[in-house]
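# Predicted model, plus sequence, below.
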Amino acid sequence: MLEGRPYYFVGTNFWYGCYLGSSGQTGNRERLVRELDRLKNNGIDNLRILGASEASTNQDAVKPAIQTSPGVYNDSLLIGLDFLLSEMNKRNMHAIIFLNNYWNWSGGMGQYLTWFPEERKIFYQHTAANTAFRKYISDLINRRNSVTGLHYYEDPAIMAWELANEPRPGSNAAYYNSFYQWIDSTAQYIHSLDSNHLVTTGNEGTMGCNGSSTIFLNAHQPPSIDYATIHLWALNWNWYDPMNPSSGTRSYSSALAKAKGYIQDHIAYARALNKPLTMEEYGLPRDLQQSDAGTLTTIRDQYFTSLLTMIYESAAAGSPIAGSNFWGWGGEARSPNGDYHWRVGDPFMCDPPMEAQGLNSVFDADSSTIGILKKHSLLMMDLRVDSEVAEQIIVYDFSLEQNYPNPFNPVTTIRFSLKSPSRISLVIYNLLGQNVKTLAQRSEGMGTHTVIWNGTDEYYRPVASGMYVYRLQTDFASLQKKMLLVR
């Protein structure tokens, strides 16, 4: 829910955002602003971002790190997170912030164990490691943004805190209860610090739970977990061979069938949990596993189209799935290295340091992929609009009629009635929520009123065919409806 209404979204993974926003050596705020504008303009307004990294000697770990040693922070990167959130606020974008990592490319759980070697236990049972982790959680949630002045616990740009990127229970069943207890107790701790934002796990689904639906359900059962998550990796899970996509047990068609089955299974689990579900990671390599911008994305585009169509149709039918975040946004970054290996000082893209840079990134030049995502965002935004209308079916002192004719080209009439005098505003929006034209802004008396729209914007330029929303705001409340312009 967002502002009391169902929230459907299209998002991406943009883990490196605080690095671009930094006031230090990794900073490139001009690029960050451009990337956010590109994403927002294409309807991609939910970003899954890294909120914690721990200094590691691992060769493939991202450098520098936010936490250089327990309780010691790289302030320039935290200022970068401040700047990122402030810019997201300006664009009405929302963040999912992961606070730890099962994998060591950002330090993560393994680095906490390295910092406290005296206690030889797994992370979920390790007292000293989790004490340090909770201190970081508290410091971050209570941080005051240096740009906006808001504490993080009150920042409207933040949608959710995520316990970790892909936390797994381990293969030893003796540790499963420790895994469940860690999830619940950590989530409760976050809620005790912040009552304004959601909390989720960051888990991959059954593939991150030893193939067990029981583990997945137990991990997401506690009331402290607000919604369930899944990740979907056809290549990493050996479902797909990009070098031989047309035949064999790892063909594209086989991988797509498994991917759809995986989503459908987890929609059923989310129903059983009575919680929303998001697919917060999914991706596929470029054709023939190439990494350069400008190389073909034919199969990726087919894959994205199939999965996103399934998500929209399922959400429209009332299933628990609420959104998705593709992995990931590479934007204008390009690898300067022939081996595509990330090195300190290279531009960041979404592929983590240990993977070929460009492997799963969507670049700004990938117009076909971006077009698929934009089309999907319009459909998901349409669900948001429908949900808003459904929430507004109550008795008002005014009414708003369906425009006539509808569909129309290019002129249509909008009628509304007031039971008492009121100041009114009648505005046309596109499905991205952008203002197209203000038709009326004045005081009106009781009775029925008529306004005509001729299909032009504020500068009297004809607007494109498509779905539009007209919203009537009065002194009492607002109502809105959709209309279709077909040229």
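Happy to help now that I have it. Residues are numbered from 1 along each chain as shown.
# What is the burial count for residue 469?
For residue 469, the neighbour count with other C-beta atoms under 10 Å is 20. (C-beta placed from N, C-alpha, C; glycine too.)
# List the buried residues in the strand or helix carrying it.
In the assignment (DSSP states H and E), residue 469 maps to strand 466-473. Buried residues in strand 466-473, counting neighbours by 16 or more other C-beta atoms under 10 Å, are found at 467, 468, 469, 470, 471, 472, 473.
# didn't the second one look like it was pressed against residue 436?
Yes. In this structure residue 468 lies within contact range of residue 436 using C-beta atoms under 8 Å: 6.5 Å.
# what is in contact with the two at once?
When contacts are counted by C-beta atoms under 8 Å, 6 or more residues apart in numbering, the set common to residue 468 and residue 436 consists of 428, 429, 430.
# export these to TSV and tack on secondary structure?
Shown next, in TSV, are the shared contacts of residue 468 and residue 436 (DSSP: H, G, I helix; E, B strand; the rest coil):
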residue	secondary structure
428	strand
429	strand
430	strand
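# one step back: ok, and what's touching the strand holding residue 469?
So strand 466-473 is contacted by 378, 382, 385, 398, 400, 403, 414, 416, 424-431, 436, 439, 453, 478-485 (C-beta under 8 Å, 6+ apart).
# mean confidence score for it?
Averaged across strand 466-473, pLDDT comes to 88.
# Export that strand to PDB, keeping only CA atoms.
Taking Å, rounded to 0.1, in the frame of the first residue of the first chain, the C-alpha atoms of strand 466-473 are listed here in PDB:
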ATOM      1  CA  GLY A 466      -3.400   6.600 -25.600                       C
ATOM      2  CA  MET A 467      -5.000   6.300 -22.200                       C
ATOM      3  CA  TYR A 468      -5.400   9.500 -20.100                       C
ATOM      4  CA  VAL A 469      -6.800  10.200 -16.600                       C
ATOM      5  CA  TYR A 470      -8.900  13.200 -15.800                       C
ATOM      6  CA  ARG A 471      -9.100  14.200 -12.100                       C
ATOM      7  CA  LEU A 472     -11.600  16.500 -10.500                       C
ATOM      8  CA  GLN A 473     -10.500  18.100  -7.200                       C
END
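# and the worst-scoring helix or strand of the chain on mean pLDDT, what does it pack onto?
Each helix and strand of the chain was given a mean pLDDT (mean pLDDT, DSSP states H and E); the minimum falls on helix 367-391 at a mean of 79. Contacts defined by 3 or more C-beta pairs under 8 Å, 6 or more residues apart in numbering; DSSP states H and E place helix 367-391 against strand 9-13, helix 298-316, strand 362-363, strand 466-473, strand 478-485.
# Pull out the buried positions in the next helix or strand after it.
Using DSSP H and E, the next helix or strand after helix 367-391 towards the C-terminus is strand 398-400. Neighbour-count burial for strand 398-400, counted by 16+ other C-beta under 10 Å, picks out 398, 400.
# Could you check the angle the helix or strand just after strand 398-400 makes with strand 466-473?
Later in the chain than strand 398-400, the nearest helix or strand by DSSP H and E is strand 412-418. For strand 412-418 against strand 466-473, the angle by axes from the mean of the first three to the mean of the last three C-alpha atoms, to 10 degrees is 20 degrees.
# ok now strand 412-418, how far from the chain's centre?
On the basis of C-alpha atoms, centre = their mean, to the nearest Å, strand 412-418 sits 37 Å off its chain's mean C-alpha point.
# Turn the buried residues of strand 466-473 into CSV, columns for distance to residue 142.
Formatted as CSV, the buried residues of strand 466-473 follow (distance: C-beta to C-beta, whole Å):
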residue, distance to residue 142
467, 43
468, 43
469, 39
470, 43
471, 37
472, 42
473, 37
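# ok, how many other residues are close to residue 481?
Neighbour number of residue 481 under other C-beta under 10 Å is 17.
# how close does it sit to residue 426?
11 Å (C-beta to C-beta, to the nearest Å).
# ranges for the helices of the stretch 1-150 of the chain?
Using DSSP state H, counting those that start in this stretch, the helices of the stretch 1-150 of the chain run over 17-21, 29-41, 75-90, 108-115, 127-141.
# looking at the ones you listed, which is buried most?
Highest mean neighbour count among the helices of the stretch 1-150 of the chain (mean count of other C-beta atoms under 10 Å): helix 17-21, with a mean of 27.
# Averaged pLDDT, that one. What do you get?
Mean predicted lDDT for helix 17-21 stands at 98.
# was I right about residue 222 contacting residue 184?
Yes. Residue 222 sits in contact with residue 184 when judged by C-beta under 8 Å, with a separation of 4.1 Å.
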